[in-house]
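Novice: got a structure for you, letters missing:
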């Protein structure tokens, strides 16, 4: 289970402001904090970034790389911002994301191929199917499309799309089935990830972590290989370490269980 | 996921003393507390109970039944104490446990058949195999032996034997494989359970709950249907409720996530 820190996000008040003001300190502080907490990658979420997105993403990547060696996961729907970010990265990033929508296929996928990036594929087209088989069908379509561009399965991360338990409880089981199915569907395995905090979206703040920390081990037991999550939550990072120990992906040590 | 409260145990200092002194109050207080916390069954663990075990188990069952309507899970290696406890139960209890050892087969299994009890079968003989297939082989043997006595699969609870992560990390994956295997092995499904707190045995007290709350969802995702656990841990009981919501065994409500 690899942890992708969700924290560097334009939606966060302090980070959004720091982005706007090109103030490196809050962003570098957060990047350092997530790196020290044990994140494996850092998501850099600019949202739509319609105005000046390319220059902002370039600045963000350079700013973060000054303090962290972690692989970055670039997250924006602005195609120019994505390309500018990729170019600024000292190692090929993970692109977040494409889906089975024609414009995503045509715009984002070629970037991954051109710059030898890894890429997240969302199992959705114009809507998010509830049915596990329908999601698996889309995953297959995404992988074929990426393969055609020369991207091997090991560089494709499929996201089964986690939904809030409060409004879409009936999506949790299909999501687990998709993860299970993806573990078995391809001869050359794909990677997987998900926006874990979606599952607790809308819940009271003090309850979100425990909902996420219950769902993540269930996803892991079905074969999930990573999650985009709150790396500033020490209990969450401990859960990630314990999952890795319990699945023998790491040697268990007392520090796996320790609250850092 | 059904929760069997592990708490009424001779090994607990206050409960052990109350048993010795036939003092109903601490025992009834604890039984009430576990019932109110949402336990589905109460384990009544007398250990070997070599001296006066039959009279003690009879007294324990009557004492607990005065304050709780929950099904009891009788836990002792003393055959006479087990029979006395079964006779005192107002509804057939769950017998904890038999295994693939000849004396267990010959002594305990006939009691389950005679009194129409449910029974836990441990996937071990004189030793605990590490290999998942070996454990599944024993499970098959246990189920066949119980079936021969007229006990249907729905009344057999197989325990894959959880081991401490600190000293037997390499047992965690096989245990999950056994649970998965058991979900698929029998046309008429068996129930399952486990001694969940074994996984954190030897860990620091303040870390035990989080280890258990990471492993339980992983077991649940593989098909585990119950666990013997610490019902006095509100976070544990919340995890059980969240597992049931995430697997659609119950309708999600805000109180699933609430700390009671």
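Specialist: That came through fine. This structure is a prediction, so every number in the text was calculated from the model and none was measured.
Novice: and the residue nearest the centre of chain A, what's its pLDDT?
Specialist: In chain A, the residue lying closest to the centroid (C-alpha atoms, centre = their mean) is residue A:228, at 4.1 Å. Predicted confidence (pLDDT) for residue A:228: 98.
Novice: check residue A:104 too.
Specialist: 75.
Novice: got a list of what it touches?
Specialist: Shown here is residue A:104, whose contacts under the criterion C-beta atoms under 8 Å, 6 or more residues apart in numbering or on different chains are A:97, A:98. Any C-beta I mention is one placed from the backbone N, CA and C, and that applies to glycine too.
Novice: again, 10 Å this time
Specialist: Residue A:104 makes contact with A:77, A:79, A:97, A:98, A:121, A:122, A:124, A:125, A:142, A:145, according to C-beta atoms under 10 Å, 6 or more residues apart in numbering or on different chains.
Novice: for the residue nearest to the centre of chain A, which three-state class applies?
Specialist: Here residue A:228 is strand, with the state taken from DSSP: H, G, I helix; E, B strand; the rest coil.
Novice: doesn't residue A:165 fall inside a helix?
Specialist: No. Residue A:165 sits outside any helix when classified using three-state DSSP, being coil.
Novice: surely residue A:198 and residue A:163 touch.
Specialist: Yes. Taking contact to mean C-beta atoms under 10 Å, the distance of 6.2 Å between residue A:198 and residue A:163 places them in contact.
Novice: rewinding a little: the residue nearest to the centre of chain A pairs with what?
Specialist: Partner residues in beta bridges with residue A:228, using DSSP bridges, are residue A:4, residue A:195.
Novice: what is in contact with residue A:198 and residue A:163 at once?
Specialist: A:171, A:175.
Novice: what about the contacts of residue A:104, which are in helices?
Specialist: Secondary structure assignment by DSSP state H places A:79, A:142, A:145 of these in helices.
Novice: let's have these in a markdown table, adding distance to chain B, neighbour count and pLDDT.
Specialist: Compiled in a markdown table, these are given as follows (distance: C-beta to the nearest C-beta, whole Å; neighbours: other C-beta atoms under 10 Å in any protein chain shown; pLDDT from 0 to 100):
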| residue | distance to chain B | neighbour count | pLDDT |
| --- | --- | --- | --- |
| A:79 | 36 | 17 | 94 |
| A:142 | 24 | 28 | 97 |
| A:145 | 30 | 17 | 96 |
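Novice: just the buried residues of stretch A:148-157, please?
Specialist: Buried residues in stretch A:148-157, counted by 16 or more other C-beta atoms under 10 Å in any protein chain shown: A:151, A:155, A:156, A:157.
Novice: what's the end-to-end length of it?
Specialist: The first and last residues of stretch A:148-157 sit 16 Å apart, counting by C-alpha to C-alpha, to the nearest Å.
Novice: what's next to that stretch, contact-wise?
Specialist: Under the contact criterion C-beta under 10 Å, 6+ apart, stretch A:148-157 has outside partners A:2, A:4, A:73, A:92, A:94-98, A:105, A:109-114, A:116-122, A:139, A:142-143, A:145-147, A:186-194, A:225-226.
Novice: ok, now with 8 Å
Specialist: Outside stretch A:148-157, the residues within contact range by C-beta under 8 Å, 6+ apart are A:94, A:109-110, A:112-113, A:117-121, A:142-143, A:146-147, A:186, A:188-193, A:226.
Novice: got the end-to-end distance for stretch A:150-166?
Specialist: OK, stretch A:150-166 end separation, C-alpha to C-alpha: 40 Å.
Novice: again but with stretch A:122-133, I slipped
Specialist: In terms of C-alpha to C-alpha, the two terminal residues of stretch A:122-133 are separated by 14 Å.
Novice: buried set for stretch A:135-147?
Specialist: Buried positions in stretch A:135-147, judged by neighbour count with 16+ other C-beta under 10 Å: A:135, A:136, A:138, A:139, A:140, A:141, A:142, A:143, A:145, A:146.
Novice: quick check: the farthest pair among these?
Specialist: A:135 and A:146 (16.4 Å; C-beta to C-beta).
Novice: which residues in chain A form strands?
Specialist: A:2-9, A:41-47, A:71-76, A:94-99, A:118-122, A:156-159, A:191-192, A:226-229 (DSSP state E).
Novice: tabulate these (JSON lines), appending distance to residue A:247.
Specialist: Converted to JSON lines, those look like this (distance: least, C-beta to C-beta, whole Å):
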{"stretch": "strand A:2-9", "distance to residue A:247": "12"}
{"stretch": "strand A:41-47", "distance to residue A:247": "19"}
{"stretch": "strand A:71-76", "distance to residue A:247": "22"}
{"stretch": "strand A:94-99", "distance to residue A:247": "22"}
{"stretch": "strand A:118-122", "distance to residue A:247": "22"}
{"stretch": "strand A:156-159", "distance to residue A:247": "18"}
{"stretch": "strand A:191-192", "distance to residue A:247": "14"}
{"stretch": "strand A:226-229", "distance to residue A:247": "13"}
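Novice: show me what from the stretch 151-260 of chain A comes close to chain B.
Specialist: The interface of the stretch 151-260 of chain A toward chain B, taken as C-beta under 8 Å from any C-beta of the partner chain, is made up of A:165-166, A:169-170, A:172-173, A:176, A:200, A:203-204, A:207, A:210-211, A:213-222, A:235, A:238-239, A:242-243, A:245-248, A:251-252, A:254, A:257-258.
Novice: same thing but 6 Å
Specialist: In this structure, the stretch 151-260 of chain A approaches chain B at residues A:165, A:169, A:172-173, A:207, A:211, A:214-215, A:217-218, A:221-222, A:239, A:242, A:246, A:248, A:252, A:257, judged by C-beta under 6 Å from any C-beta of the partner chain.
Novice: closest residue of the stretch 1-150 of chain A to chain B?
Specialist: Nearest residue of the stretch 1-150 of chain A to chain B: residue A:1, at 10.7 Å (C-beta to the nearest C-beta).
Novice: how close does that residue sit to residue A:193?
Specialist: The spacing between residue A:1 and residue A:193, counted by C-beta to C-beta, to the nearest Å, is 10 Å.
Novice: again with residue A:156
Specialist: Residue A:156 sits at a distance of 11 Å from residue A:193 (criterion: C-beta to C-beta).
Novice: quick one: which of the residues of the stretch 151-260 of chain A next to chain B sit in helices?
Specialist: A:172-173, A:207, A:211, A:214-215, A:217-218, A:221, A:239, A:242, A:246, A:257.
Novice: taking these, tell me the two that lie furthest apart.
Specialist: Of all pairs drawn from these, the one with the longest distance (C-beta to C-beta) is A:173 and A:257, at 29.1 Å.
Novice: between the two, tell me which one has more neighbours.
Specialist: Neighbour comparison, residue A:173 and residue A:257: the larger count goes to residue A:257, with 22 against 16 (by other C-beta atoms under 10 Å in any protein chain shown).
Novice: tell me the pLDDT of that one.
Specialist: Confidence at residue A:257, expressed as pLDDT, is 75.
Novice: residue A:58 too?
Specialist: 98.
Novice: identify the residue nearest residue A:179 in space, chain neighbours excluded?
Specialist: Spatially, and ignoring its direct neighbours in sequence, residue A:179 is nearest to residue A:222 (4.2 Å; C-beta to C-beta, 6 or more residues apart in numbering or on different chains).
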